[in-house]
Each structure stands twice: as C-alpha cells, then as structure tokens.
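> Let's see this in three dimensions:
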Amino acid sequence: MRLLAPILAAAVLAGSGPVSAGSDCANNGRPGVGYAPIGYEQLTGWIEDDHIASFATFIRSCERIEGPLPLLTVCTRARALGGTLTQDQARLFFESAFEPAVVMQSGCPGKVTGYYQLSMAGARVRSDNFPVPLFARPAGTGDLPGRKAIDEGALDGRAEVVAWLADHTDLFQLQTEGSGRIRLADGGVLDVNAIGGNGYRYTKISDILASNGYPDAATLSIPVRTAWLKARPELARKLYWQNQSYAFFSRSAAPMGVKGIALTPGRSLAVDPSYHAIGQPIFVLAAGVRTETGHSGFFRLLIAQDIGAKSEISGPERGDIYFGEDERAYTVGSSTKGEAMFVVLRPRE
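Residues are numbered from 1 along each chain as shown. Reported below is the predicted structural model:
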C-alpha cells in the first residue's frame, strides 16, 4: 500500500487524523477539517483505475452544475477535449486540472457504504394491496411534520402521491436508498428519486432494533432483516416511527442524483454537500471494501453527484457509492460498508 502508511503518519503529526473507530460513532456538530497536499504517485490504485469512466461521469456533472467557478472552468476544458480519450489522456486531464489533497478531519473515521436502485411492486391508485403513499414534497415552505405524523395523515391532501406501495417496509427501504423502480399493477414501470426530506435527523433501523430489544435482528443482513420486518408489519411500522426523518420523491426517467445528474454505477458518489461541491472528483481508498467483481480493496476516482436520501451521509469523509439497478447492484450495494480515506481533487489555480 503506497498511500496508507504515510497518510496515517501525516494525520498523527497534524493532530487532526481519524479518531478511533466505533460502531456508535456519530458526527455531533461539524468536525474540524483540513487538507494535506499529496502526489498522485502516492495514491494506491491511481494508475490502474479506469479514468475514461471517471471522465465520462465527470462530464455528466458538467452538463448540470452551476458552480463553483473554478470547477466550471475545468468543465469547459474537459468539454473541449471531446468524448474520445485514451486511458492515459483521461488520467493526464485529471492530473493537470486538479490538485489532490487528503481530507484531514477530527470527526468519525471515514466510511463508505453502497446504494442501488430498488425494484418493488406498486400502483398508481390506492388499494388494499397497495395502501401506503409515496409522497412528493409538499408545496410551500415552513416546518414539515415527522414520520409518525405523516404516517397518521398529516400530509393527506397537502402533498401529491407519486405512487402507492405495499407496506411501510418498502417505503422505508426506498427512502433509505433514495431511488427505485416501481413495477406498477397495470404493467408499467415508474422510476422515482428522492428530492429532499423533512429536516429531521436520520436514525438507522439497526440502531432502532437494538434499542428496542431486538439485537439479533439488528445484525441481520439487509435482505434477511427486510424479510423479518415484512413478517411483522405492525411492529415494523411503530419501529419506523422512531426515525422521524422522511424523504420525498419525484418521478424520473432514470436514476438521478441532485441537479438531475444521471448516475453512473460504480462512479457516482453521494456526499455531504456542506463539505463537497457537486461535481467534485474524489479518490476513495477503502482497503477493506470489495469491488463489484469481488476483489479486495476499493481504490477509485468517483464524482460527487448525489446527497442521498439519508442524513446519515454526514461529514467530510462519508460517502455512499451508487452501484446500479439490477440484482447484482442490490447484492453489492447492500453489502458494501467499510472505513475509507478521501482524497479530494481541487481545481488548480
């Protein structure tokens, strides 16, 4: 590993490196953040990465973002290159246009997880089989109610219903992942994406289960835990109320990030926008995370294109990797979780 040892040493010397890991770690308040310049030659996996894929993903962001100005300037340069580049040309573009810097922060250790586009049954109209509404964001401004109040009718007549779902577990899953494909009862399909929430803090279902006396269920894999919750609909509904965060949705033509950016499997990253600009390239190093092909070690240049539906994506080294919309994406996305280090690529002056 060319990167990990020197960076960890630098973090200790700077006094702002990762804190000790812990399952209950939470960024309460904003952690102190700094950036340490580093050479591309020190980044594990940089040369071997697929820079053509990263360049194509970056260009998709350029079509939608409105700033900051230094990033827009780089976008203009990227578009002038055209769409057909070799691996070396794409890599040299990033190296010449951006300066890499390691995120140095005093909060929780960096972490990446995965997300994917769910597929589930639904309907355009309410029925006994599909009684749970998927709401669009209500019009107007002001404080929005929490999950329990919404579930009990606080938004009935105030917000458009995008679709009707089978149960509250499907709703909660969709809100957690942030995008999905609803297979409609009439034979059609409806792609939906999260467009923001009610402003409440997100609470993980595993934490809720553990604090309510179900520690075994809290540690189950996502597919098994989902089945466990579906088998207990009334209990699940009351457990979900303890996460007052609620995401709203809109219809879309394809999986989209913020600003209508089309997401790219394995290259799009959901981030905390208070630390990272949408469109910013971020090289992620996660030695304990497997790739889509099962290889150990995830070292890849990703592009910040989403903020996710969950406020759990919080902090300067917290990211959610988009893996796509098929069964394989579900398998990879639901199992991806590990500590990571972020190297941001900042436009050169």
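> Next, count neighbours for the nearest residue to residue 62 once chain neighbours are set aside.
Closest residue to residue 62 apart from its sequence neighbours, by CB to CB, 6 or more residues apart in numbering: residue 75 at 3.6 Å. Placement of C-beta: from N, CA and C, glycine included. Neighbour count of residue 75, defined by other CB atoms under 10 Å: 19.
> all numbers from here: first residue = 15
In the new numbering, first residue 15, that becomes residue 89.
> What backbone torsions are found at residue 89?
phi -60, psi -40 (degrees, to the nearest 10).
> Return the residues in contact with it.
Listed by CB atoms under 8 Å, 6 or more residues apart in numbering, the contact set of residue 89 reads 72-73, 75-76, 79, 293.
> now, which of the residues you listed sits nearest residue 316?
Top of the list for closeness to residue 316, among these and by CB to CB, is residue 72 at 10.0 Å.
> partners of the closest residue in space to the closest one that isn't next to it in sequence in the sheet?
Leaving aside its sequence neighbours, residue 72 sits nearest to residue 317 (CB to CB, 6+ apart; 5.3 Å). In this entry, residue 317 is beta-bridged to residue 282, residue 295, by DSSP bridges.
> Quick one, grab the pLDDT at residue 317.
With respect to pLDDT, residue 317 scores 98.
> How much space separates it from residue 348?
Separation of residue 317 from residue 348 (CB to CB, to the nearest Å) stands at 22 Å.
> if you count what's nearby, which of the two comes out ahead?
Taking neighbours as other CB under 10 Å, residue 317 and residue 348 compare with residue 317 leading, 29 against 19.
> Confirm residue 72 sits in a helix?
Yes. Residue state for residue 72 (DSSP: H, G, I helix; E, B strand; the rest coil) corresponds to a helix.
> Surely it touches residue 293?
Yes. Here residue 72 reaches residue 293: they are 7.3 Å apart, a contact under CB atoms under 8 Å.
> Show me the strands in the stretch 165-314 of the chain, by range?
Using DSSP state E, counting those that start in this stretch, the strands assigned to the stretch 165-314 of the chain run over residues 175-179, 193-198, 203-211, 261-266, 282-284, 295-304, 310-320.
> Touching both of residue 72 and residue 293, which residues are there?
In contact with both residue 72 and residue 293: 89, 317, using CB under 8 Å, 6+ apart.
> The residue in the chain sticking out farthest from the centre: what secondary structure?
What lies farthest from the middle of the chain is residue 142; by CA atoms, centre = their mean that is 32.8 Å. Secondary structure, three-state DSSP: residue 142 is coil.
> measure it to residue 113 for me?
Applying CB to CB to residue 142 and residue 113 gives a distance of 59 Å.
> what mean pLDDT does the helix or strand where residue 91 lies have?
Taking DSSP states H and E as the criterion, residue 91 maps to helix 83-94. This predicted structure assigns helix 83-94 an average pLDDT of 96.
> Give me the buried positions along that helix.
85, 88-89, 92 (16 or more other CB atoms under 10 Å).
> can you tell me which two in those are farthest apart?
85 and 92 (10.2 Å).
> Just the endpoints, please. Distance across stretch 249-266?
Stretch 249-266 has an end-to-end distance of 32 Å (CA to CA, to the nearest Å).
> ok so, going back, tabulate the strands of the stretch 165-314 of the chain (a markdown table), appending distance to residue 61.
Formatted as a markdown table, the strands of the stretch 165-314 of the chain follow (distance: least, CB to CB, whole Å):
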| stretch | distance to residue 61 |
| --- | --- |
| strand 175-179 | 44 |
| strand 193-198 | 32 |
| strand 203-211 | 35 |
| strand 261-266 | 36 |
| strand 282-284 | 21 |
| strand 295-304 | 12 |
| strand 310-320 | 10 |
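> now, of these, which is deepest in the fold?
strand 282-284 (a mean of 27; mean count of other CB atoms under 10 Å).
> pLDDT averaged over that strand, what's the number?
96.
> Ok, stretch 191-207 next?
Rounded mean pLDDT across stretch 191-207 is 89.
> Pull the distance from it to the chain's centre.
Stretch 191-207 sits 19 Å away from the centroid of its parent chain (CA atoms, centre = their mean, to the nearest Å).
> what's the answer for stretch 48-61, then?
23 Å.
> Name the residues of that stretch that are buried.
Here stretch 48-61 shows 49-50, 52, 54, 57-60 as buried, counting by 16+ other CB under 10 Å.
> In strands, which of these fall?
By the criterion of DSSP state E, membership of the buried residues of stretch 48-61 in strands covers 49-50.
> Tell me which two of the buried residues of stretch 48-61 sit farthest apart.
Within the buried residues of stretch 48-61, two members stand farthest from each other by CB to CB: 49 and 59, at 20.1 Å.
> what about this protein, any weak spots by pLDDT?
Scanning the chain with the threshold set as pLDDT under 70 gives 15-43, 322-325.
> What ranges does it have for its helices?
Applying DSSP state H to the chain gives helices spanning 18-28, 65-76, 83-94, 101-111, 161-165, 182-191, 219-225, 229-232, 236-244, 247-254, 341-349.
> Can you give the contact residues for the shortest one?
It stands for helix 229-232. Contacts of helix 229-232 (CB under 8 Å, 6+ apart): 219-221, 223-224, 239, 242-243.
> just the second one next, same as before
Contacts with helix 65-76, where a contact means CB under 8 Å, 6+ apart, come from 86, 89, 92-93, 97, 99-101, 104-105, 107-108, 275-276, 278, 280-282, 292-293, 295, 314-319.
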